[in-house]
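K.L.:
got a sequence here, can you build the structure:
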Amino acid sequence: MNQNPFPRMHVSLYVSDLQKTIPFYSSFFDKEPVKVKPGYAKYVLDSPSLIISFVENKERVQQNFGHLGFQVETVEELNKRLWEARMKHLVSKEETGTNCCYAKQDKFWVSDPDGVQWEAYYFHEDAEFNDPHYEMSEASACCMPQDKEKINFRELNAESKACC
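P.N.:
Numbering: from 1, shown residues only. All right, here's what the predicted structure looks like:
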């Protein structure tokens, strides 16, 4: 059996305005799209292996499907990516030492022009509980930050015991 049956993941998202989407994702991914056509843009990422395309169709945009994200290997890598995202004014929220989805994580969030939320996170360890604010039944519960939440920024670090 093939050890890697799916060598690259593909995601396609509907967007309302491709002219706003392309600059956001070029900044977030730190690379330009490999293909741009009328109403369409595609990025190919090597690490992680991902093909993501954007199809302009305002009527089909769906914001509440959940979220997308990237896991990083080290706290240092998360801090580097957080700093870069801050410099580009992309960060909408940061969380340190939070227990989300039954895992202790440090993370930050960005939201694209249509409100699609992305998290970049470092996984510390499995947890036996979620933080209480993740138990809410509303759409902003577990792993869904409040849109454009106002926060005080702080550096994420592995030793932090602070919780949301």
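K.L.:
identify the bridge partners of the residue sitting nearest the centre point of the chain.
P.N.:
Compute the mean C-alpha point of the chain, and by C-alpha atoms, centre = their mean the closest residue is residue 118, 1.8 Å away. Counting by DSSP bridges, residue 118 is bridged to residue 68, residue 110.
K.L.:
so it touches residue 93, yeah?
P.N.:
No. Using C-beta atoms under 8 Å, residue 118 is not in contact with residue 93, being 11.2 Å away. Every residue, glycine included, has its C-beta placed from N, CA and C.
K.L.:
what do the two both touch?
P.N.:
Contact criterion C-beta atoms under 8 Å, 6 or more residues apart in numbering; residues shared by residue 118 and residue 93: residue 109.
K.L.:
for residue 22, helix, strand, or coil?
P.N.:
Counting by DSSP: H, G, I helix; E, B strand; the rest coil, the backbone at residue 22 sits in helix.
K.L.:
please renumber so the chain begins at 58
P.N.:
With the count now opening at 58, the last piece we talked about shows up as residue 79.
K.L.:
what sits against it?
P.N.:
Applying C-beta under 8 Å, 6+ apart, the residues near residue 79 are 90, 93, 98, 111.
K.L.:
can you flag the buried ones in those?
P.N.:
Buried members of the contacts of residue 79, scored by 16 or more other C-beta atoms under 10 Å, are 90, 98, 111.
K.L.:
which element is the residue nearest to the first one when sequence neighbours are not counted on?
P.N.:
Pointing back at residue 90 there. In space, and not counting its chain neighbours, residue 90 is closest to residue 98: 4.5 Å by C-beta to C-beta, 6 or more residues apart in numbering. Assessed by DSSP states H and E, residue 98 sits inside strand 97-102.
K.L.:
with just CA atoms, put that strand into PDB.
P.N.:
Provided in PDB are the C-alpha atoms of strand 97-102 (Å, rounded to 0.1, in the frame of the first residue of the first chain):
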ATOM      1  CA  TYR A  97     -10.100  32.600 -10.400                       C
ATOM      2  CA  ALA A  98      -6.700  32.400  -8.600                       C
ATOM      3  CA  LYS A  99      -4.700  29.400  -7.500                       C
ATOM      4  CA  TYR A 100      -1.800  29.000  -5.100                       C
ATOM      5  CA  VAL A 101       0.400  25.900  -4.700                       C
ATOM      6  CA  LEU A 102       2.200  25.600  -1.400                       C
END
